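Trainee: 3D, please:
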Amino acid sequence: MTFTLKSLIASAAFTLAATHAFADGIGASLLTQQHPFYIELADAMKAEAKDKNVALEVAIANQDLNKQLADVEDFIVKGVDVIVISPVDSQGVRAAINKAEKAGIKVITVDVPAADAKVTSHIGTDNYTGGVQAGELMAKLLDNKGKVAIIDYPTVQSVVNRVDCFKKAIGEHKDIEIVAQQTGITRAEALAAAQNMLQANPDITGIFGFGDDAALAAAVAVKAAGLDGQVKVIGFDGMEEARKAVDSNPVMAAVIQQFPDQMGKQAVDTAVKVIAGETVPEEQPIVPGVYTKK
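Mentor: Got it, this is the predicted structure:
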């Protein structure tokens, strides 16, 4: 096979283009796509990237830290300009963030912050405020007395923040006692956790679920235990299914509402500014809302 000068130049140009196909690009490693929150967040990121005419590749970690680390490694090899991460594990993701930074790639975290790792910016719900809102609302629903249980997700820093502040707010009410706290990451695990806590503490009057799945599972457990008139459940996320449950299910009292569409848009806008060499805030909190029965 022979090559003309023209074909060699074209081939070289193609190779160069392929090598730099991700110039001015964003790589995003998201925790999951099995939850409406992250579907909405990813959709908002894609729409904003299209609007800003910036390349965006989204990888889904499926709540698997090893998958997330591999995805970040892939983005580093591709030479993206900015990596956006919603960590599967706030501690475990630190090595990947440090590696990206050493490669000269800026990192932005969205929704879930990284623990003990320096990032260019974090965009997420003000979970401290959300936790306090949930605690104060629970106290009001229980007339400042009763026994409360918590369904937790302790490896995710955003959840740690909201649960800690929920407990702090509850602690201001001396006649409310937190009697149980169990991990329930998936809806099935949360259902089992709620059933266990209700069985061990049949006088529970309130349950705080770290997210919509946990709260919805808790509501199912409460109904199955015949405690509909006794227990109030508060969730956190505020996706459509949970809001509808608040409107129709007496057990589901409220949800603290996050705004994943705002987070997704803000994450891409921030990445674009970073690519342009602009300075961005280290913290960009988004204040949550409170959704109660209509």
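
Trainee: The closest residue in space to residue 105 that isn't next to it in sequence: how many residues sit nearby?
Mentor: The shortest distance from residue 105 to any non-neighbouring residue, by Cβ to Cβ, 6 or more residues apart in numbering, is to residue 83 (5.7 Å). From N, CA and C alone the C-beta is placed, and that goes for glycine too. The tally of other residues near residue 83 (other Cβ atoms under 10 Å) stands at 28.

Trainee: Quick one, grab the pLDDT at residue 83.
Mentor: You'll see residue 83 listed with a pLDDT of 98.

Trainee: Residue 38 too?
Mentor: At residue 38, pLDDT is 93.

Trainee: again with residue 265
Mentor: For residue 265, the pLDDT comes out at 98.

Trainee: so it, which of the three states?
Mentor: Assigned by DSSP: H, G, I helix; E, B strand; the rest coil, the conformation of residue 265 is helix.

Trainee: Same check on residue 62?
Mentor: coil.

Trainee: Mind telling me what element the residue nearest to residue 105 is part of?
Mentor: strand 82-85 (DSSP states H and E).

Trainee: list the contacts for the residue positioned nearest the centre of the chain?
Mentor: Centroid check for the chain by Cα atoms, centre = their mean gives residue 111 as the closest residue, at 4.2 Å. Neighbour list for residue 111: 31, 37, 41, 86, 123, 124, 125, 158, 260, 263 [criterion: Cβ atoms under 8 Å, 6 or more residues apart in numbering].

Trainee: Distance of the last one relative to residue 70?
Mentor: So that's residue 263. Noted for residue 263: a distance of 24 Å to residue 70, by Cβ to Cβ, to the nearest Å.

Trainee: and these two? which has more neighbours close in?
Mentor: More crowded of residue 263 and residue 70, by other Cβ under 10 Å: residue 263, with 23 against 14.

Trainee: just the strands in the stretch 101-250 of the chain please.
Mentor: With strands called from DSSP state E, counting those that start in this stretch, the stretch 101-250 of the chain shows them at 106-110, 121-125, 146-152, 176-183, 206-209, 232-237.

Trainee: quick one on the thing from earlier: I figured the residue nearest to residue 105 was touching residue 109, is that so?
Mentor: No: Residue 83 lies out of contact with residue 109 (Cβ atoms under 8 Å); the separation is 9.6 Å.

Trainee: ok so, going back, helices and strands around the strand holding residue 83, which ones?
Mentor: Here strand 82-85 touches strand 25-30, helix 65-78, helix 94-102, strand 106-110, helix 260-275, going by 3 or more Cβ pairs under 8 Å, 6 or more residues apart in numbering; DSSP states H and E.

Trainee: Now tabulate the ones you listed in JSON lines and tack on distance to residue 171.
Mentor: Below are those laid out as JSON lines (distance: least, Cβ to Cβ, whole Å):
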{"stretch": "strand 25-30", "distance to residue 171": "34"}
{"stretch": "helix 65-78", "distance to residue 171": "32"}
{"stretch": "helix 94-102", "distance to residue 171": "30"}
{"stretch": "strand 106-110", "distance to residue 171": "29"}
{"stretch": "helix 260-275", "distance to residue 171": "29"}
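
Trainee: what's the span of stretch 145-164, first residue to last?
Mentor: Using Cα to Cα, to the nearest Å, the end-to-end distance of stretch 145-164 comes out at 19 Å.

Trainee: tell me which residues of that stretch are tucked away?
Mentor: For stretch 145-164, burial by neighbour count (16 or more other Cβ atoms under 10 Å) applies to 146-153, 155-163.
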